[in-house]
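Novice: A structural model of the following input is requested.
(2 chains)
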Amino acid sequence: MALKIGDYKTDVHNDWCPGCGDFGIVNSIQMALAEMEIPRHQTAIFSGIGCSGKTSHFINVFGVHTLHGRVLTFAQGAKISNPNLKIIAVGGDGDGLGIGAGHFVAAGRRNVDMTYIIFDNAVYGLTKGQASPTLKLGEKTKSLPTPNTNYNVNPIGLAIASGFTFAARGYSYDIRQLKDLIIAAVNHKGLAFVDVLQPCPTYNDINTKDWFSGVDRIDETTKKAMPRIYKLEDTDYDPVVHYSDETELNQKKTQAIVRSLEWDTKIPTGIFYKNELITPYTRRLTDKIPNYIENPSALQNISKNNVPITKIDQILDSYKV
Amino acid sequence: MQQRGHEMVTDFTWMIGGPQGSGVETAANIFSQVFSKMGYQIFGKREYYSNIKGEHSYFAVRVSEKQIRSSIKGTNMLIAFDAETIFRHADDVLENGIIIYDSTLENVKVSDVITFDNDFKERLGNLLKSKNKEDTVKGILELASENGTSIHSVSFRSLLAELSEKLENPRIKNMSRMFNVLGVSLSLGLLMIPSEKLTESVNSIFSKKKSIAEMNVSAANFAYNYATAKFENIELKFEEKEIEENTLLLQGYYGTALGKIIAGCRFQSYYPITPATDESNFLETNEILEINEDRPGSTLVIQTEDEISAIGMAIGSSLTGVRSATCTSGPGFVLMIECLSWAGINEVPVVITFYQRSGPSTGLPTRHGQDDLLCAINSGVGEFPRIVYASGNVLDSFYDTTQVFNYADVFQVPVIHMMDKFIASSVTTCQRFDETKVNIDRGKLLDEISSDNYRRFEHTIDGLSPRSKLGLENGIFWNTGDESDIQGHISEDPVNRIQMMDKRQSRLDYILEKIPESEQIIKHSEGDFCIVSWGSTQGPVLDAIEMLKNEGISIGFVEVKLLQPFPKELLKKLFSNSKTIIDIEANYTGQLGSLIRQNLEKDPDYYILKFTGRPMTCTELYDTLKKIVNGTAEKREVLTYGA
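Specialist: Prediction:
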């Protein structure tokens, strides 16, 4: 029986603010799962803390709502133990790039085969609108007493510098593109990062839906709003690293970082960087544990009728007096 | 010079010292192997600074024909190829003891040793001055000699030069890194130990590289022959004994590591920290596992970016149904607290092996301590059930490790297994671990679910819900660090809150009811005077009790293994026949004592505490217990022995 989008929804009341960008992300994840027809029990959503942290409760697959900043640690532990699971980790930009930044960088270095989606709205919503790591220097969203004194983190740039092998950006009001990006991320062999621009209607009064749509920028001839967002796939941009060649690798990384710095009047979405030539962590493990994929930790028998089946006599013999 | 209060039949302590990186441990391993193969019991301990190269380290190996579980005051034979070792330990050598030292060090002054702490330099200077000795190696050796120690001097460099000439290998002349092997071989020659034992041991310790083994065997034999030919004979004689069947020579951390392997722990994440990391290294070295009638298994050992990640990953692993663990020490453990609390509210079985060292903060990072008991029991966000369980020696720690995984699975709680630096860096002869005694109980972990109305936190009579795992068909669940309903979705409902708190907290009583009494507290002996203690003090306490027993004094001893939930009724019962309670711990405040005050409303009559970072010796405990029995002790006795 084919799975429908409705099968991936729970009946948990969604208490996000009306107009919240998060709705589009949850819908996109559910659409992506339905389109890929991933059995529900083979999927787990891990989430961090904050508004985005509640995501796991709204999706009808295994849902692990973890701690602030720590989502990647739980998710990687599960994925490494059972590589058959499809794992999507989600969290806010403060969660992943502030308190969880160390785990973000370390996760990139491992390149575990899973997906990480950041709900990026430049504020800490659930604690009432403080500046988050992606808010620009000098900006003052409405509940800040004074303008932001910190420079912003570039999520795509940090991901690439850390070793993520897939980096994309979506926009929560374009759920078709976002769904496709999530599918591409889940299918990517390695750690995939999707940064989703997600207006917080309550606390971010700068990067609003209207702002992204360019309502403040009317084309004099057409009299229409000029959207700030454009799609990389509509250009001749090629994010894919095709050869194991340092020059190409460096060129693809560099172009991605340069593109990710575009902002204000031209904000690109789409896939910035994709490299499947770097071995995923699971493959690195098979170098030292040859049958790891067929017999990972979660599938190993450890006892028979409550009696252990692991043999340690050889090790013990080596310490015999 | 020191006098021991008490002598056993054969009880010989050999010590070698030197700068970190000079192979002190290798020399001690050779010595330990030789004597264990001669049928003797071994108890060795390693002391070192938080340093890679250059600071003073030493290894003391105690040898006896009877079972020994601790170190003892005083050294019978000291091997020194650097001045610092002589300055620091000559004073500890017993009357009739022996010092073998490098004669070229004779004129080294106290002030030449740049690695001395200022406090020690001052104490040493004062000692030499008060005895009218010059402040040189010669001065301190004169003092030792006047106290009855016999001094054997040999130029280690000349030995190398002669060996170099003999083997026609000019490189050997400058290989001061072989001083360690020369030192141990000289001492074995002096003790007239059969030389083939030495050769066998050197070969086995350097077995990884044949050419190195060969060179070291030549050096060993050369030094051995030098000692037999040139040193004056001594009276000591070690007869070869029959090796007790099934004896192993083990490092202290092998117990928890092998316990994890046999218990089926298949995932360990860790961040490097002394003295916990050795265990993870051991697991990774042995990551491919031989499985009975099955394909090979494996333990995933993952070095993480910090301890938060270490426990986060272990929890993630546990959610897939894997027996998982992390291993750390105090400063790492406190970083894990938020995740630990998450495991608590989500009823996730996960094991934290906690190798304590001495705090506060970084404290004495390479020294022993038991000062994290209350931290292990109390650290957490809010109230949730956990088990804190302590092991007293390497053998116990093997079986206990297999049990803590059962506790975690059966009671669906995080378990903190208390170990410490004293056990971790001891080398002991030990009975072979008996795998047939180990059983595996995974509690209510499900392998399949047929219906589709599974609820992870369903209320049941015993408070324990059947446990699904990620990937299990029909077993979908939710977890959250928020309070949740029976499905695992966030709930702030006050009635649900009461039910869920009751569900989790009632487990503490359930644990006390279900874990057999013999696993909660071990009653080693009975007496009017009764010692209460926990963890690695077990060894020195048992040895001290035996020393007193030989004098007709019997002392009781109860070792509390289950520390949370606290078995207060059982402890009350065990105390009921004793008049005087003596709390013994390696910390400042007597943390177990405070649990006794809190739970039994009784203050132990005496506290014997040590917090210098050096483990207790049986001699110190013997002396202090005797004072208590004689009624001359203070309520709080603080032990200080050890360099």
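Novice: and the stretch 101-250 of chain A, which of its residues are near chain B?
Specialist: The interface of the stretch 101-250 of chain A toward chain B, taken as CB under 8 Å from any CB of the partner chain, is made up of A:102-103, A:105-106. For glycine as for every other residue, the C-beta is placed from the backbone atoms N, C-alpha and C.
Novice: What is the most widely separated pair among those?
Specialist: A:His103 and A:Val105 (7.4 Å; CB to CB).
Novice: which bits of the stretch 301-450 of chain B sit near chain A?
Specialist: B:302, B:304-306, B:308-309, B:311-317, B:319-324, B:338-339, B:342, B:402, B:429, B:432-433, B:435, B:438-442.
Novice: can you give me the strands for chain A?
Specialist: Under the criterion DSSP state E, chain A contains strands at A:43-47, A:62-65, A:86-92, A:115-120, A:123-124, A:130-131, A:166-171, A:192-197, A:229-231, A:267-274, A:303-304, A:307-308, A:310-311.
Novice: Please list all residues in contact with residue 78.
Specialist: As the question left the chain open, I've gone with chain A. By CB atoms under 8 Å, 6 or more residues apart in numbering or on different chains, A:Ala78 lies in contact with A:44, A:46, A:64, A:85, A:87, B:316-317, B:319-320, B:470.
Novice: hmm, I had chain B in mind actually
Specialist: Counting by CB under 8 Å, 6+ apart, B:Leu78 touches B:14-17, B:85-86, B:89-90, B:92-93, B:97-101.
Novice: which one of the residues you listed is nearest chain A?
Specialist: Of all these, B:Trp14 has the smallest distance to chain A: 17.4 Å, by CB to the nearest CB.
Novice: and the gap between the residue lying closest to B:Met313 once chain neighbours are set aside and B:Ile311?
Specialist: Counting by CB to CB, 6 or more residues apart in numbering or on different chains, B:Met313 lies nearest to A:Gly77, which is 3.2 Å off, once chain neighbours are set aside. Per CB to CB, to the nearest Å, A:Gly77 is found 9 Å from B:Ile311.
Novice: Quick check: neighbours shared by those two?
Specialist: Common neighbours of A:Gly77 and B:Ile311, using CB under 8 Å, 6+ apart, are B:Ser269.
Novice: okay, now the residue nearest to B:Met313: neighbour count?
Specialist: Neighbour count for A:Gly77, taken as other CB atoms under 10 Å in any protein chain shown: 34.
Novice: Tell me who's in contact with it.
Specialist: Applying CB under 8 Å, 6+ apart, one finds that A:Gly77 lies in contact with B:267, B:269, B:302, B:312-317, B:319, B:324.
Novice: cool, and A:Val241?
Specialist: By CB under 8 Å, 6+ apart, A:Val241 lies in contact with A:248-249, A:252, A:273-277.
Novice: Next to chain A, which bits of the stretch 51-200 of chain B? Give me the list.
Specialist: Applying CB under 8 Å from any CB, one finds that the stretch 51-200 of chain B does not approach chain A at all.
Novice: can you give me the strands for the stretch 51-200 of chain B?
Specialist: Residue ranges of the strands in the stretch 51-200 of chain B, as given by DSSP state E, counting those that start in this stretch, are B:56-64, B:75-80, B:93-102, B:150-154.
Novice: right, so these: which one is the most enclosed?
Specialist: Stretch with highest mean neighbour count among these: strand B:75-80 (a mean of 27; mean count of other CB atoms under 10 Å in any protein chain shown).
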